[in-house]
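S.K.: Give the three-dimensional model of this entry:
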Amino acid sequence: MGEGYNGMKFYVSCAFLKTSDVIEIAKAADDLGYEGLGIPDHVVNLEKLATPYPYTPDGERRWQPFTDWPDPWVLVGALAQATERLKFLTTVYIPAMRDPYSAAKAIGTAAYLADGRVELGIGVGWCEEEFTLMGQQFAKRGKRTDEMIRLMRTLWEPGWTEFDGEFYQTPRLEMTPTPPPIPVYSGGLSDIALRRAAGLDGWIGDLITLDQAVERVEKVRALRAEKGLTMDGYTVVTPLSDAFLPEHYDRAAAAGIHGIITMPWVFYCGPDATVAEKIDGMRRFRNDLKLDA
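M.R.: Predicted coordinates:
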């Protein structure tokens, strides 16, 4: 099936969906030719927070209490058996809320079961109370995340491995099964987040305007150039708050954005659509944009 718009790929977000509906949405996305499924991450949703949510003007969360937050890797393990080509992109997973060995085991197992269809989007996290509940230090979470990525990549290598870091000292060991290669993309909008992303395999944006996305892609491009790296083979995926026409996606592709994370049914029947309406919206979106032409 065609991608359209200079190779632009479209991911369906399963954020805030009922867990019982995600398998049908994933099957439809697989059949309709979408590139992948975006899967967010929270372990719990605390009733009261002192930490403001960083991605809304008023600091309030985008979701209501009792919204489903399924474990990403349990979900991927199930979805991998129900789909054939669909990729699974975490948007984003917070490694620093976990210990690196449990995280590496869960991610690696899911990637193994999905036969290499996992794209690991990571973030450093924003909710201090959730870190505390999970028994992980909120301070220095950025440095720990950077080290965890290096350690997990070591754990995913075949054979005996060892690691000696600032936060994690790992004796000679092996972790099996060995997963296929797992690309790692970093999310976030701050300069620090973009600098982290520039050293990895890709960048994931938040719900921002096309202008804001283009500006940040240029920053990533400059940061990679400082490291002597080009954008060849580098992946940029983001939702866009103001893109819905072919010319919008043309501009995004020309700027170096490779993938769009979207909820296609919102354009046709809103966020509270039934599963059947959601799938119909996914089909209409591809037809209206002539993605299979």
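S.K.: So which residues of the stretch 51-200 of the chain form helices?
M.R.: Using DSSP state H, counting those that start in this stretch, the helices of the stretch 51-200 of the chain run over residues 72-82, 100-113, 128-133, 141-155, 191-198.
S.K.: As TSV, the ones you listed with mean pLDDT and mean neighbour count would be great.
M.R.: Yep, even glycine has a C-beta here, placed from its N, CA and C like the rest. Compiled in TSV, the helices of the stretch 51-200 of the chain are given as follows (pLDDT from 0 to 100; neighbours: other Cβ atoms under 10 Å):
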stretch	mean pLDDT	mean neighbour count
helix 72-82	98	19
helix 100-113	98	20
helix 128-133	98	16
helix 141-155	98	19
helix 191-198	97	19
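S.K.: Need those helices in CSV (columns: distance to residue 217).
M.R.: Shown next, in CSV, are those (distance: least, Cβ to Cβ, whole Å):
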stretch, distance to residue 217
helix 72-82, 25
helix 100-113, 26
helix 128-133, 30
helix 141-155, 21
helix 191-198, 9
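S.K.: Run through the residues that contact the nearest residue to residue 66 once chain neighbours are set aside.
M.R.: Sequence neighbours aside, residue 45 is the residue nearest to residue 66 in space, at 7.8 Å (criterion: Cβ to Cβ, 6 or more residues apart in numbering). Counting by Cβ atoms under 8 Å, 6 or more residues apart in numbering, residue 45 touches 61, 63, 65-67, 69.
S.K.: In a helix, residue 45, correct?
M.R.: No: going by DSSP: H, G, I helix; E, B strand; the rest coil, the assignment for residue 45 is coil, not a helix.
S.K.: Residue 15 versus residue 62, what's the distance?
M.R.: 8 Å (Cβ to Cβ, to the nearest Å).
S.K.: just to revisit the earlier point, would you list the buried entries among the contacts of residue 45?
M.R.: For the contacts of residue 45, a neighbour count by 16 or more other Cβ atoms under 10 Å gives the buried set as residue 61.
S.K.: quick one: which of the contacts of residue 45 is nearest to residue 261?
M.R.: Set against residue 261, the nearest of the contacts of residue 45 by Cβ to Cβ is residue 63 (16.0 Å).
S.K.: Got phi/psi on the closest one?
M.R.: Per-residue torsions, residue 63: phi -120, psi 160 (degrees, to the nearest 10).
S.K.: Give the closest residue to it in space, chain neighbours not counted.
M.R.: Of all residues not flanking residue 63 in the chain, residue 16 sits nearest, at 5.5 Å (Cβ to Cβ, 6+ apart).
S.K.: Please look at the one you found and residue 68 and confirm they touch.
M.R.: Yes: the pair residue 16 / residue 68 is scored as a contact, 7.3 Å apart, by Cβ atoms under 8 Å.
S.K.: Can you give me the distance of the nearest residue to residue 52 once chain neighbours are set aside to residue 125?
M.R.: Nearest non-adjacent residue to residue 52, counting by Cβ to Cβ, 6+ apart: residue 59, 3.1 Å away. The gap separating residue 59 from residue 125 is 16 Å, by Cβ to Cβ.
S.K.: Nice, that's everything, thank you.
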